[in-house]
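In: Give the three-dimensional model of this entry:
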Amino acid sequence: MKLIYITLIIGLLLFSAGCIQPKEAPVVTEKAATEEWKADGLVGVSEYTRSMLLQSPARQGYSGGDMEISWKNDPEYLYLAMNASTDGWLAIGFEPLEWMKNADIIIASVQSGKAVAQDEYCTGNYGPHIEDTMLGGTNDILEFAGRKEAGRTVFELKRKMDTGDKFDKAFLPGQAISIIWALSNNPDLGFKHNVAFGEGIITLTGEQTMPPAIGVAALSTHEKEGLSFIWEEEKMARDLYTSLYEIDKLSIFSDLARSEQSHMDQARAIIDKYALTIPEKDEQGVFQNQTLQKIHDELLAKGLSSDQEALNAAATFEEISIMDLEKELNATHAKDVMAMYQGLLAGSQKHLRSYVTDLKDQGINYDPRYLAKDEFEKIVRIK
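Out: Model (predicted):
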């Protein structure tokens, strides 16, 4: 298995703002939405067309939890349900630029039996997220309801696909939307999240529909090789960022190394499902794929020379990762594999944005090495 544009990569010396991915791949289930949608805090069996379970493990400061997201849309409206493992608030953010920055956020809870919700916008990487109305925008949650039961909170809402508010993301049928999510055990919307957080992709219905599921045995040789390769490529990212953090102590590498481990876990869940194999030993900096080995060694040598070169090396790798994920995404027709690749792709795009932003903060403009200029600018949203 070889990387895209291998001759270019070997000849050169060679990054999510992501939230931590779930340990199990978020499989999207589909059904016909035959029930009328109602904002009542009750998710009907056939009320939504798609659903996906997002999970986040326990870690320092977080007890761990899950959120099942269900959705449907028509050309005018998006209907959304969130069923989360908390008695406190739950939140979803659409299309963050990096980390939480520029995310269109809806945060909600049930307080004394009454559902409360706020339409917010995040102005910084880690906040604050402020009500749209305080920024000059509008509250565009048209209908909503929620309820608590057996340690879980359910919240349903309706909003326009395009609200016309500059602090809301505009959606199109068939669009794949990058999301972040978080849970708190406190219903006070001003309280910090402390249960779980993560990221994912929801794909709207419309022109771009998901292909039908195929069986395990129907995976092609290329698809099987692609799964193993992507797992090892995510391992390379984890190992590279771990080594860079050990030298320069930049927190971004520590954060993203943990994210890459979660990416590996997500890919591993699919690999196990299809009874595929990966290297038995997970030794840092050692890879079966010799192309990955060479790139890892070259990037690491380059990155150890300075903090700036470390960020440059990481951004370069994220470009490569994006191209490889796009290639594998286009080569598979298995829904579970597609959902996993989409989540990893969203993470790599966020990582690239973060590295580019950190370099910019140091007065350095990063120029793409492998991505086309227009695709790069679309990902990082350079203005």
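In: CA atoms only: put the host helix or strand of residue 256 into PDB for me.
Out: Per DSSP states H and E, residue 256 falls inside helix 251-273. As requested, the backbone C-alpha atoms of helix 251-273 are provided in PDB (Å, rounded to 0.1, in the frame of the first residue of the first chain):
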ATOM      1  CA  SER A 251       0.700  21.400  24.400                       C
ATOM      2  CA  ILE A 252      -0.800  21.100  20.900                       C
ATOM      3  CA  PHE A 253       1.200  17.900  20.300                       C
ATOM      4  CA  SER A 254       0.100  16.300  23.600                       C
ATOM      5  CA  ASP A 255      -3.500  17.100  22.800                       C
ATOM      6  CA  LEU A 256      -3.400  15.800  19.300                       C
ATOM      7  CA  ALA A 257      -1.400  12.700  20.200                       C
ATOM      8  CA  ARG A 258      -4.300  11.700  22.400                       C
ATOM      9  CA  SER A 259      -6.700  12.500  19.500                       C
ATOM     10  CA  GLU A 260      -4.700  10.300  17.200                       C
ATOM     11  CA  GLN A 261      -4.900   7.400  19.600                       C
ATOM     12  CA  SER A 262      -8.600   7.700  19.500                       C
ATOM     13  CA  HIS A 263      -8.500   7.800  15.700                       C
ATOM     14  CA  MET A 264      -6.500   4.500  15.900                       C
ATOM     15  CA  ASP A 265      -9.200   3.000  18.200                       C
ATOM     16  CA  GLN A 266     -11.900   4.100  15.800                       C
ATOM     17  CA  ALA A 267     -10.200   2.500  12.900                       C
ATOM     18  CA  ARG A 268      -9.400  -0.600  15.000                       C
ATOM     19  CA  ALA A 269     -13.100  -1.100  15.700                       C
ATOM     20  CA  ILE A 270     -13.800  -1.400  12.000                       C
ATOM     21  CA  ILE A 271     -10.800  -3.600  11.400                       C
ATOM     22  CA  ASP A 272     -11.900  -6.000  14.100                       C
ATOM     23  CA  LYS A 273     -15.500  -6.100  12.700                       C
END
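In: So what's the gap between it and the chain middle?
Out: When C-alpha coordinates are averaged (CA atoms, centre = their mean, to the nearest Å), helix 251-273 and its chain have centres 12 Å apart.
In: mean confidence score for the helix or strand following it?
Out: Of the helices and strands lying after helix 251-273 in sequence (DSSP H and E), the nearest is helix 290-303. For helix 290-303, the mean pLDDT works out to 94.
In: just checking, what packs against helix 290-303?
Out: Based on contacts counted as 3 or more CB pairs under 8 Å, 6 or more residues apart in numbering; DSSP states H and E, the elements that helix 290-303 packs against are helix 6-10, helix 221-248, helix 307-331. For every residue, glycine as well, the C-beta is placed using N, CA and C.
In: That helix versus helix 307-331: what angle between them?
Out: Between helix 290-303 and helix 307-331, the angle formed by their directions is 160 degrees, by axes from the mean of the first three to the mean of the last three CA atoms, to 10 degrees.
In: Tell me the buried residues in helix 290-303?
Out: Of all the residues in helix 290-303, those buried under the rule 16 or more other CB atoms under 10 Å are 291-292, 294-296, 298-300, 302-303.
In: Also stretch 100-116?
Out: 100-110, 115-116.
In: if we can go back for a sec, could the buried residues of helix 290-303 be laid out in JSON lines, adding distance to residue 95?
Out: As requested, the buried residues of helix 290-303 are arranged in JSON lines below (distance: CB to CB, whole Å):
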{"residue": "291", "distance to residue 95": "33"}
{"residue": "292", "distance to residue 95": "31"}
{"residue": "294", "distance to residue 95": "35"}
{"residue": "295", "distance to residue 95": "30"}
{"residue": "296", "distance to residue 95": "31"}
{"residue": "298", "distance to residue 95": "34"}
{"residue": "299", "distance to residue 95": "29"}
{"residue": "300", "distance to residue 95": "33"}
{"residue": "302", "distance to residue 95": "32"}
{"residue": "303", "distance to residue 95": "30"}
